[in-house]
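> Generate coordinates for the sequence data below:
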Amino acid sequence: MQGSLGNAMATVRNPLSSFIITIVAALGLTLLVAALIRIIFLFFLPAFSGAFEMQLILLSFSFVGVGAAAGRFSIIGSMGFVGSLVGGFFATFLFQMLLFPTDWMILLSLFWGALIGLGGLLTGKLGLRRIDRALSSMPQARKCQRCGAKVGLTAQKCWSCRAFLPPV
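Now for the predicted structure:
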């Protein structure tokens, strides 16, 4: 009985671990997408290799998608926003510092980090539905008939008034 009940319950992660995973996912995905777009412009589209503005536009649109993918690891929208913003800012700053140096490095990193955070905010709110679904599938508590305190389903005595509870 207990094994089947344990398999039916959904797991809820620690919010701090999901925040760290969101930062790492945003950082890794941002570096990957930025490098791929840069490689595409250098090797496959040599006529556009000097089009700095075209690369900015493509990076901006793709970074919203990166933030949306990273925000799926978070639990709530604000955590997805902040985690994606932090990871995206550091990734874009690192990318620009190493491979794509410009005079606008900090401003572009803040802009792209905000776009990545916006994508994380959009999909991070979906995590609340996941938590609600997990909580609704969990067994509900019952009340003590004597004092009205909430007790667990398998409790034999009330934790408040120490009265014996009827079997379930």
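> gap between the one residue sitting closest to the centre of the chain and residue 161?
Residue closest to the average C-alpha location in the chain (CA atoms, centre = their mean): residue 74, at 2.3 Å. Residue 74 sits at a distance of 41 Å from residue 161 (criterion: CB to CB, to the nearest Å). All C-beta spots, glycine's among them, are computed from the backbone N, C-alpha and C.
> residues contacting the residue nearest to the residue nearest to the centre of the chain when sequence neighbours are not counted?
Residue nearest to residue 74 in three dimensions, not counting chain neighbours: residue 80, with 3.7 Å by CB to CB, 6 or more residues apart in numbering. Residues near residue 80 by CB atoms under 8 Å, 6 or more residues apart in numbering: 22, 67, 70-74, 120-125, 127.
> Check residue 159 too.
Taking CB under 8 Å, 6+ apart, we find residue 159 in contact with 149, 151.
> For it, grab phi and psi.
phi -80, psi -20 (degrees, to the nearest 10).
> Below-threshold pLDDT in the chain: ranges please.
Of all residues in the chain, those with pLDDT under 70 make up the ranges 1-13, 46, 48-50, 125-131, 134-135, 138-139.
> Quick check: what element follows the helix or strand hosting residue 89 along the chain?
Taking DSSP states H and E as the definition, residue 89 sits inside helix 77-98. Per DSSP H and E, the first helix or strand lying C-terminal to helix 77-98 is helix 105-124.
> Give me the residues contacting that following helix.
Contacts to helix 105-124, defined as CB under 8 Å, 6+ apart, come from residues 22, 26, 30, 56, 59-60, 63-72, 74-89, 92-93, 96-97, 102.
> show me the contacts for the residue nearest to residue 152 when sequence neighbours are not counted.
Using CB to CB, 6+ apart and skipping the chain neighbours, the partner closest in space to residue 152 is residue 141 (6.1 Å). Neighbouring residues of residue 141 by CB under 8 Å, 6+ apart: 150-153.
> Looking at the residues you listed, state which has the most neighbours.
For the contacts of residue 141, the largest number of neighbours (other CB atoms under 10 Å) sits with residue 151, at 18 neighbours.
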